[in-house]
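S.K.: Structural data only, the sequence is not supplied:
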């Protein structure tokens with residue numbers, strides 16, 4: 001069949017194809033070429049056994065496959081990937097610019113609000129300003145979360161390598177949230193095992209972000225009782241040493257069939273709880289992506 005196809009082609013095209021097949025080291029030979037006939041270009045894939053006379057190719061036996069549609073589909077997919085990549089980059093740039101433009105005035109609003117809170121105010125005025133401060137911090141958190149998600153989707157989020165002292169990091173995060181927990185009558189207990197009183201290689205900022213997100217959720221959804229933050233180093237022959245950070249609380253809990261969904265972006269398990277406690281559903285989603293980038297795992301139970 002290959003020979004029949006070649007015989008119907010111009011001599012120059014025959015020589016091009018035979019030359020390409022003859023140059024193939026594999027047996028049967030494989031070669032692809034473009035062929036223009038009747039104003040249409042076709043893409044052919046040839047599989048052939050070459051018959052030789054004193055080392056000179058004299059005939060071909062094999063198959064010819066028309067792969068025109070396959071190549072056209074590949075080109076469509078290449079263009080689609082390029083367009084999707086361009087759109088993703090454009091979205092990332094837009095979000096980065098917008099987040100900067102929004103964060104600048106919001107930081108000014110929060111700064112002035114905190115300055116006013118240090119002045120002589122009536123109880124009612126102080127309450128209003130506290131609402132402004134809380135709302136402003138929530139908006140900044142949302143902006144930062146959306147930007148992080150965008151960076152992760154675009155593959156642009158890069159971890160900074162450095163030395164992280166686990167004992168200090170856990171205690172710092174717990175201390176930053178302990179006052180809010182104490183206001184609700186909840187005790188925060190820190191339990192850093194002696195094995196975890198070490199320095200490790202990692203991104204301190206992102207590790208702190210993950211622990212703050214998880215512990216912050218525990219504080220938010222725990223109305224009474226205790227919250228325990230623990231750290232330990234486990235050893236495994238196959239996986240080596242691993243840092244295990246855990247947060248346990250006596251909060252409202254999550255149904256077992258909803259545990260995995262809490263790591264989905266913008267997903268809230270309980271709408272009533274969301275209205276009562278607030279939140280965007282971004283924190284745990286970002287935390288999971290960050291943990292995966294660090295080569296770890298995160299789960300709830």
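M.R.: Yep, that arrived. Since the model is a prediction, treat every value here as computed from it, not as a measurement.
S.K.: residue ranges for the strands of this protein, please.
M.R.: For the chain, applying DSSP state E gives strands covering 29-37, 40-53, 56-66, 162-165, 186-192, 199-202, 225-236, 240-249.
S.K.: Nearest to residue 291, out of those strands?
M.R.: Of all those, it is strand 240-249 that lies closest to residue 291, at 9.6 Å by C-beta to C-beta. (Glycine included, C-beta is placed from N, CA and C.)
S.K.: which stretch among the strands of the chain comes nearest residue 123?
M.R.: It is, among these and with distance given as C-beta to C-beta, strand 186-192, at 25.5 Å.
S.K.: Next one: the residue nearest the centre of the chain relative to residue 298, how far apart?
M.R.: By C-alpha atoms, centre = their mean, the chain has its centre lying nearest to residue 152, at 3.9 Å. According to C-beta to C-beta, to the nearest Å, residue 152 and residue 298 sit 14 Å apart.
S.K.: One more: residue 49?
M.R.: On the measure of C-beta to C-beta, residue 49 and residue 298 end up 56 Å apart.
S.K.: okay, these two: which has more neighbours?
M.R.: Counted by other C-beta atoms under 10 Å, residue 49 and residue 298 do not tie: residue 298 has more neighbours, with 17 against 13.
S.K.: My guess is the more buried one contacts residue 285. True?
M.R.: No: counting by C-beta atoms under 8 Å, residue 298 stays clear of residue 285, with 10.5 Å between them.
S.K.: okay, and the common contacts of the two?
M.R.: Shared contacts of residue 298 and residue 285 (C-beta atoms under 8 Å, 6 or more residues apart in numbering): residue 263.
S.K.: what bits of the protein have low per-residue confidence?
M.R.: The chain contains residues with pLDDT under 70 at 1-40, 48, 50, 55-62, 237-239, 265-281.
S.K.: longest single helix anywhere in it?
M.R.: Criterion DSSP state H: the longest helix present in the chain is helix 68-117.
S.K.: quick one on the thing from earlier: excluding covalently adjacent residues, which one is nearest to the residue nearest to the centre of the chain?
M.R.: Excluding its sequence neighbours, the residue lying closest to residue 152 (C-beta to C-beta, 6 or more residues apart in numbering) is residue 289, at 4.7 Å.
S.K.: Can you report how many residues neighbour that neighbour?
M.R.: The local packing of residue 289 (other C-beta under 10 Å) involves 20 other residues.
S.K.: Tell me the spacing between it and residue 242.
M.R.: 19 Å.
S.K.: partners of residue 233 in the sheet?
M.R.: residue 243 (DSSP bridges).
S.K.: From what I see, it and residue 243 are in contact.
M.R.: Yes: here residue 233 reaches residue 243: they are 5.9 Å apart, a contact under C-beta under 8 Å.
S.K.: where do the contact lists of the two overlap?
M.R.: Common neighbours of residue 233 and residue 243 (C-beta under 8 Å, 6+ apart) are residue 196.
S.K.: and the strands of the chain as CSV, adding distance to residue 89?
M.R.: Converted to CSV, these look like this (distance: least, C-beta to C-beta, whole Å):
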stretch, distance to residue 89
strand 29-37, 32
strand 40-53, 31
strand 56-66, 37
strand 162-165, 28
strand 186-192, 42
strand 199-202, 28
strand 225-236, 38
strand 240-249, 34
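S.K.: Which of these sits closest to residue 293?
M.R.: strand 199-202 (10.7 Å).
S.K.: So what are the sheet partners of the closest one and their directions?
M.R.: By DSSP bridges, strand 199-202 pairs with strand 162-165 (antiparallel).
S.K.: related to what we said a few turns ago, which one, of the strands of the chain, ends up nearest to residue 175?
M.R.: Of all the strands of the chain, strand 186-192 comes closest under C-beta to C-beta, at 8.5 Å.
S.K.: Strand 240-249 and the closest one, what's the angle between them?
M.R.: 170 degrees (axes from the mean of the first three to the mean of the last three C-alpha atoms, to 10 degrees).
S.K.: Show me which residues of strand 186-192 are buried.
M.R.: Buried residues in strand 186-192, defined by neighbour count with 16 or more other C-beta atoms under 10 Å: 186, 188, 190, 192.
S.K.: What are the boundaries of the helices in the stretch 151-300 of the chain?
M.R.: Under the criterion DSSP state H, counting those that start in this stretch, the stretch 151-300 of the chain contains helices at 166-183, 204-220, 271-277, 283-293.
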